[in-house]
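S.K.: Test case, fold it:
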Amino acid sequence: MICVSLARGRHRYLLTELRHLGQEKVGLVELRLDCIQRKVQVKRLLADRPCPVIATCRRKQDGGHWEHSEEERLTVLRTAIAEGVDYVDLEDDIAKSIPRFGKTQRIISFHDFKRTPNDLRGLHSYLADFDADIVKIATFANHPNDNLRMLELVQSSDIPTVGLCMGEIGTPSRVLAGRFGAAFTFAPFNPEKILAPGQIPWNQLCDMYQYDAITPSTKVYGVVADPVGHSLSPVVHNAACAAAGIDAVYLPFLVPKGHLRDFLKKADHWPLSGLSVTIPHKENVLEFVSSQGDLVEEIGAANTISFDSETRESTAFNTDVSAAISAIQDALEAQDAGFGGRLGLKTALILGAGGAARAIAFGLKKQGVEVTVSSRTTSRAAALAELVNGKVVDWSARQRLPYDCIVNATPIGMHPKVNETPFEANHLRPYMVVFDTVYNPENTLLVKESREVGCRVVTGVEMFVRQAAEQFKIWHGDAPPEGVMRSALKRATSSVRIIE
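M.R.: Next comes the predicted model:
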């Protein structure tokens, strides 16, 4: 169950939203009384409530907004209990001073905005001793496996427990709370009023993640990256699974480079069925998998991991190669490019030397294209050029020579830096094919200027959807709903300003 948090400065706005949630059949609402700007009218807020309510009045030290005296705060909480509120949230240091009364259930809560304590079980036992009906622990995640420690605590608890990790690393704990048996998870009603670091808005938790449909049998997939909050992979894969009727959820896992090994060691504990892999892990992830699929060893980079449900062995794949080459080929055929050769190109300049650049350079080489690599890190460019028997050119000299194809495999042009381009317009020529792997925005400055010059253009949306569709087939064994995936991606990039 999702507990939707309402935080408004005025009573009438709070009541309007509460009535709306009642009409939406929401099962539990948290009223953040600490956000009300004037004297809190508890009786008015609780009268004729359309659904069960938690009364919460949080101090600033606990992440709240209460600006009056502690005595007044305790009076608000006691009044809520006297008025028969369904639940009251009490911090451990005030729990003894507010005894049980009537039918109100007691949530004894603890918040740590800096870390996730080592002894979570001891903390849980301490909180439960305050006559708790529900124990709530919210801590800050500094390691991806803090989520697991929290979720496993919830799963093993004898009394109903809400255990959540705050911060971007903690996102999985919020989505998977119910799967591990949490009494509920929290989500703000208003996306602009995030009440704790890393909270996921209610509509997103419902629509994209389908929280209430997640069960212990739901398969878990995700994208591993740093940063990851920008990723649109969850949008695309969750939409695809919903359309195909597959019982699965796809999450963003923020995994810093130094934590990748520890994260993958715990893959069985989630348990994970598959992962997308992106910056900065496409190359170093190969150290930690059981085996490698076709092309991966030769490319030296992977963007997909599949976990065998029985042996739990992990296999790395690369779906970027076929996605990139098929996107270029289809664009050329549709636009009647008229080049010679297998793909229709003779020379290509790859901008960037990361995992995506490696895959595209390899794919072009296989098609007989002479590849030149340019990167702001010269050593990486030289290594990639050697891999594909190509050439290397200094970043400062990348625009001096003409090429049939220009590929941007760097983040240049991504939102929010949409006014940047890796290749100036005055160096573009009408005969060029320009492929920009950036997909948010789809129409980058490079794409716009290339079209104005008359170049043949391939956008990052095509590559992204195609590589995701191939991942879908690897994981689920079914034909991917590419139309659904493409529509979900385009809706997201047109309405939400985030980056990949």
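S.K.: Please parse this structure into its domains.
M.R.: Per automatic domain parsing, the domain ranges recorded for the chain read 2-200, 222-319+464-495, 321-463.
S.K.: Can you give me the neighbour number for the closest residue to His269 other than its chain neighbours?
M.R.: Spatial nearest neighbour of His269, chain neighbours left out: Leu148 (5.2 Å); criterion: CB to CB, 6 or more residues apart in numbering. The C-beta positions use only the backbone N, C-alpha and C, and glycine is treated the same way. By other CB atoms under 10 Å, 19 other residues sit near Leu148.
S.K.: returning to that earlier point: a markdown table please, covering the domains of the chain and showing mean pLDDT and distance to Cys206.
M.R.: Formatted as a markdown table, these follow (pLDDT from 0 to 100; distance: least, CB to CB, whole Å):
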| stretch | mean pLDDT | distance to Cys206 |
| --- | --- | --- |
| domain 2-200 | 96 | 7 |
| domain 222-319+464-495 | 95 | 12 |
| domain 321-463 | 92 | 23 |
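S.K.: related to what we said a few turns ago, which residues does the residue nearest to His269 contact?
M.R.: With contact set as CB atoms under 8 Å, 6 or more residues apart in numbering, Leu148 has these partners: 266, 269-270.
S.K.: so is it in a helix, a strand, or just coil?
M.R.: State at Leu148, reduced to three classes by DSSP: H, G, I helix; E, B strand; the rest coil: helix.
S.K.: could you pull out the helices for the stretch 251-400 of the chain?
M.R.: Listed in chain order, the helices found in the stretch 251-400 of the chain under DSSP state H, counting those that start in this stretch are 260-265, 296-299, 320-334, 355-366, 378-387.
S.K.: Of those, which stretch is the most buried?
M.R.: With neighbours defined as mean count of other CB atoms under 10 Å, these peak in mean count at helix 355-366, which reaches a mean of 25.
S.K.: C-alpha coordinates for it, PDB please?
M.R.: Extracted in PDB, the C-alpha atoms of helix 355-366 (Å, rounded to 0.1, in the frame of the first residue of the first chain):
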ATOM      1  CA  GLY A 355      31.200   2.100 -23.900                       C
ATOM      2  CA  ALA A 356      28.700   3.400 -26.500                       C
ATOM      3  CA  ALA A 357      31.600   4.600 -28.700                       C
ATOM      4  CA  ARG A 358      33.300   1.300 -28.600                       C
ATOM      5  CA  ALA A 359      30.100  -0.600 -29.700                       C
ATOM      6  CA  ILE A 360      29.400   1.800 -32.500                       C
ATOM      7  CA  ALA A 361      33.000   1.800 -33.700                       C
ATOM      8  CA  PHE A 362      33.100  -1.900 -33.700                       C
ATOM      9  CA  GLY A 363      29.800  -2.100 -35.600                       C
ATOM     10  CA  LEU A 364      31.000   0.300 -38.200                       C
ATOM     11  CA  LYS A 365      34.300  -1.600 -38.600                       C
ATOM     12  CA  LYS A 366      32.400  -4.800 -39.200                       C
END
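S.K.: Quick one: work out the angle between that helix and helix 378-387.
M.R.: Counting by axes from the mean of the first three to the mean of the last three CA atoms, to 10 degrees, helix 355-366 lies at 30 degrees to helix 378-387.
S.K.: Helix 355-366 - contacts with which helices or strands?
M.R.: Secondary structure elements in contact with helix 355-366, counted by 3 or more CB pairs under 8 Å, 6 or more residues apart in numbering; DSSP states H and E, are helix 296-299, helix 320-334, strand 347-351, strand 370-374, helix 378-387, strand 405-408.
S.K.: Alpha carbons only: can I get the longest one in PDB?
M.R.: Just to be clear, that refers to helix 320-334. The C-alpha coordinates for helix 320-334 follow below in PDB (Å, rounded to 0.1, in the frame of the first residue of the first chain):
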ATOM      1  CA  ASP A 320      24.300  -1.300 -28.700                       C
ATOM      2  CA  VAL A 321      26.100  -2.700 -31.800                       C
ATOM      3  CA  SER A 322      23.000  -4.000 -33.600                       C
ATOM      4  CA  ALA A 323      20.900  -1.100 -32.400                       C
ATOM      5  CA  ALA A 324      23.300   1.500 -33.800                       C
ATOM      6  CA  ILE A 325      24.000  -0.100 -37.100                       C
ATOM      7  CA  SER A 326      20.400  -1.000 -37.800                       C
ATOM      8  CA  ALA A 327      19.400   2.600 -37.000                       C
ATOM      9  CA  ILE A 328      21.900   4.000 -39.400                       C
ATOM     10  CA  GLN A 329      21.100   1.500 -42.100                       C
ATOM     11  CA  ASP A 330      17.300   2.100 -41.900                       C
ATOM     12  CA  ALA A 331      17.800   5.900 -42.000                       C
ATOM     13  CA  LEU A 332      20.100   5.600 -45.100                       C
ATOM     14  CA  GLU A 333      17.600   3.400 -46.900                       C
ATOM     15  CA  ALA A 334      14.700   5.600 -46.000                       C
END
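S.K.: Compute the inter-axis angle for it and strand 347-351.
M.R.: 130 degrees.
S.K.: which residues touch helix 320-334?
M.R.: Residues from elsewhere that reach helix 320-334 (CB under 8 Å, 6+ apart): 295, 299, 301, 303, 339, 343-345, 355-356, 359-360, 362-364, 366-367, 405, 433, 435, 437, 456-458, 462-464, 466-467, 469-470.
S.K.: are any of those buried, and which?
M.R.: For the contacts of helix 320-334, a burial check counting by 16 or more other CB atoms under 10 Å picks out 295, 299, 301, 303, 343-345, 355-356, 359-360, 362-364, 367, 405, 433, 435, 437, 456-458, 462-464, 466-467, 469-470.
S.K.: need the contact list for Phe180.
M.R.: Going by CB under 8 Å, 6+ apart, Phe180 touches 151-152, 154-155.
S.K.: at 10 Å instead, please
M.R.: Phe180 makes contacts with 147-148, 150-157, 161, 163, 173, 214, 216, 270, as judged by CB atoms under 10 Å, 6 or more residues apart in numbering.
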